[in-house]
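A.B. asks: give me a model of this one.
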Amino acid sequence: NMWAVSPAKSATGQALLFITPHPPFFGPGQWYEGHVHSEEGWNLSGASFFGAPFPSLGFNGDVAWSHTVNDPDIADVWVEKFDDPAQPLAYRHGDGHRQAQAWTVKVHVKTDGGLEARQYELKKTHHGPIVAVRDGKPHAVRMARFEENGALETWYLLGKAKSIADVKAALRPCGIPMFNCMAIDRGGNIFYAYNAAVPRRSTKFDWTKPVDGSNPETEWQGYHTFDELPQVENPKCGYMQNCNQTPFTTMATGKELNGAADENPKKENFPPYMVREQDNGRARISRRILMKQEKFTFDEWAKAAFDTTVIEAETRIPEILKEWESIKEKEQARYEKLQPIMEALRSWNQISTIESVAMTVYVRWQEKALQLLQKRDILNFPRAACPHRAGAHRAAVRPERRPAVAPLLRPGQALRGPDLQTRALHA
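C.D. replies: Residues are numbered from 1 along each chain as shown. Predicted coordinates:
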């Protein structure tokens, strides 16, 4: 997540940036914090992945910047046609053929008998390497800027930036293939860009699926320039945020506007293949927090980051309660089984605390609804086919699983140990 406010919404009179990449504690996605200082004037604090020579987000005294993951369409698959038996490397392109490249690699594979050498023939077309064969059709893949490796240069320049103008200059080559970027500078400017190396494509094709590699119209036509990407600088509302959602909801949108101008980039101004994200709950609560506070002190800014309002529950709970009420006549027994749970949800203020029984209930419902959706388990629990239905609660409290439904637990109890946690998950 990342937020920024201009001096107009800052009690300090300076722009503020909130950086929270929420990486995992373990595994290859871990980050480390560091401070780089040199006698040549480099003074940079921030964080990055293990192995990086310097921070990829942070601040240097003049500029602060952050990233969040975005989901631009930066890779495509082409179905190649090798249709000339006399020339096994010839593949059709337009009215003629092109020649693929082929080579053999030796890979040592660990077996019960020790390392065993195996040879594989690899091929690539001008689109990219053949990575799969589906129904006898070779598929080639290409990823934007993958072979150019301009990300390190961009992050180096971001670490040296003195102004938003410098930030934009660093991002302009689109050397980082993806990642939203938000930045502030000492002059009080705030800036957001849906940063990506997006190939320019014909809109005649469905780029969510493999396209015909023999059709020249499916060729990439260069890349969209940085200026063609969604971005916002110094909005009048004085704030911006991104929490992995679409750039089209960076500031207030729809009913949130309450008569104010919509300053978001407009979806219709960009090709359909460029942006694939939707809005999400983290973005909605972020906009609410940033809108409702006139000015932030630094301490208030830090505290706001730990707001525990469960904004999604404001929409889902009325839907769950409505579905529960609808089974009263036909399924009286289940209606009564669910009643303590539903009353807990009805009286909840949608704020997560360690004492909140309703939070345990809501989390359990959310987990079960997602599990049923992933399994497409709509035959046993048809009401859970839509995640706001009470069917997930029905599944979560089935009396046949235990002699009796366990008592409802607070989150603090649910996290104290395996036994209590199991009880909570059945509550």
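A.B. asks: CA only for contacts and neighbour counts going forward, please
C.D. replies: OK.
A.B. asks: low-confidence bits of the protein, can you list those?
C.D. replies: 376-427 (pLDDT under 70).
A.B. asks: what ranges do the helices span in it?
C.D. replies: 151-160, 164-171, 281-292, 298-304, 311-326, 332-346, 357-375, 391-396, 411-414, 418-425 (DSSP state H).
A.B. asks: in the fourth one, what's buried?
C.D. replies: Meaning helix 298-304. Residues of helix 298-304 classed as buried: Trp301, Ala304 (neighbour count, 16 or more other C-alpha atoms under 10 Å).
A.B. asks: and if you look at the longest one?
C.D. replies: Neighbour-count burial for helix 357-375, counted by 16+ other C-alpha under 10 Å, picks out 357-362, 364-366, 368-370, 372.
A.B. asks: that one vs helix 332-346, what angle?
C.D. replies: Going by axes from the mean of the first three to the mean of the last three C-alpha atoms, to 10 degrees, helix 357-375 is angled at 120 degrees with respect to helix 332-346.
A.B. asks: between helix 357-375 and helix 311-326, how many degrees?
C.D. replies: Going by the same axes, to 10 degrees, helix 357-375 makes 80 degrees with helix 311-326.
A.B. asks: CA atoms of stretch 17-34 as PDB?
C.D. replies: Coordinates of each C-alpha in stretch 17-34 appear next as PDB, following Å, rounded to 0.1, in the frame of the first residue of the first chain:
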ATOM      1  CA  LEU A  17       4.400   9.600   1.900                       C
ATOM      2  CA  PHE A  18       3.300   6.300   3.500                       C
ATOM      3  CA  ILE A  19       5.200   3.200   2.300                       C
ATOM      4  CA  THR A  20       4.100  -0.300   3.200                       C
ATOM      5  CA  PRO A  21       5.100  -3.100   0.800                       C
ATOM      6  CA  HIS A  22       3.800  -5.700   3.200                       C
ATOM      7  CA  PRO A  23       6.400  -8.400   2.100                       C
ATOM      8  CA  PRO A  24       6.400 -11.900   3.700                       C
ATOM      9  CA  PHE A  25       8.600 -12.600   6.700                       C
ATOM     10  CA  PHE A  26      10.000 -15.700   5.100                       C
ATOM     11  CA  GLY A  27      10.900 -17.000   1.600                       C
ATOM     12  CA  PRO A  28      12.300 -15.300  -1.500                       C
ATOM     13  CA  GLY A  29       9.900 -12.400  -1.200                       C
ATOM     14  CA  GLN A  30      11.600 -11.100   2.000                       C
ATOM     15  CA  TRP A  31      12.900  -7.500   2.100                       C
ATOM     16  CA  TYR A  32      15.700  -5.900   4.000                       C
ATOM     17  CA  GLU A  33      16.100  -2.300   5.100                       C
ATOM     18  CA  GLY A  34      19.300  -0.400   4.500                       C
END
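A.B. asks: surely Ala47 is in contact with Pro55?
C.D. replies: Yes. Here Ala47 reaches Pro55: they are 4.7 Å apart, a contact under C-alpha atoms under 8 Å.
A.B. asks: rewinding a little: show me which of the buried residues of helix 357-375 is closest to Met143.
C.D. replies: The shortest approach to Met143 among the buried residues of helix 357-375 belongs to Leu370, at 30.8 Å (C-alpha to C-alpha).
A.B. asks: can you list the helices of the chain in CSV and add distance to Met2?
C.D. replies: Formatted as CSV, these follow (distance: least, C-alpha to C-alpha, whole Å):
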stretch, distance to Met2
helix 151-160, 17
helix 164-171, 16
helix 281-292, 9
helix 298-304, 12
helix 311-326, 18
helix 332-346, 30
helix 357-375, 24
helix 391-396, 32
helix 411-414, 27
helix 418-425, 32
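A.B. asks: out of the ones you listed, flag the one nearest Phe26.
C.D. replies: helix 418-425 (21.2 Å).
A.B. asks: ok now do the residue nearest the centre of the chain, which residues does it touch?
C.D. replies: The residue lying closest to the centre of the chain (C-alpha atoms, centre = their mean) is Asn244, at 4.1 Å. For Asn244, the contact set (C-alpha atoms under 8 Å, 6 or more residues apart in numbering) comprises Asn1, Thr68, Val69, Asn70, Glu277, Ala283.
A.B. asks: repeat the analysis, applying 7 Å as the threshold.
C.D. replies: Thr68, Val69, Asn70 (C-alpha atoms under 7 Å, 6 or more residues apart in numbering).
A.B. asks: my read: the second one touches Cys181, true?
C.D. replies: No. Look at Val69 against Cys181 with C-alpha atoms under 7 Å: they stay out of range, at 9.1 Å.
A.B. asks: the two: who's more crowded?
C.D. replies: Cys181 (24 against 17; other C-alpha atoms under 10 Å).
A.B. asks: mind listing the residues bridging to the more buried one?
C.D. replies: Beta-bridge pairing for Cys181 (DSSP bridges): His67, Ala193.
A.B. asks: would you confirm that it contacts Tyr192?
C.D. replies: Yes. Cys181 is within contact range of Tyr192, at 5.7 Å (criterion: C-alpha under 7 Å).
A.B. asks: quick check, nearest of the buried residues of helix 357-375 to Leu345?
C.D. replies: Ranked by distance to Leu345 (C-alpha to C-alpha), the buried residues of helix 357-375 are led by Ala358 at 5.4 Å.
A.B. asks: ok, the closest one - contacts?
C.D. replies: Ala358 sits in contact with Ala344, Leu345, Trp348, where contact means C-alpha under 7 Å, 6+ apart.
A.B. asks: and Pro138, by the same measure?
C.D. replies: Val79, Glu80, Ile130, Ala132.
A.B. asks: let's see if you can find the most crowded of those.
C.D. replies: Counting neighbours by other C-alpha under 10 Å, the top entry in those is Glu80, with 24 neighbours.
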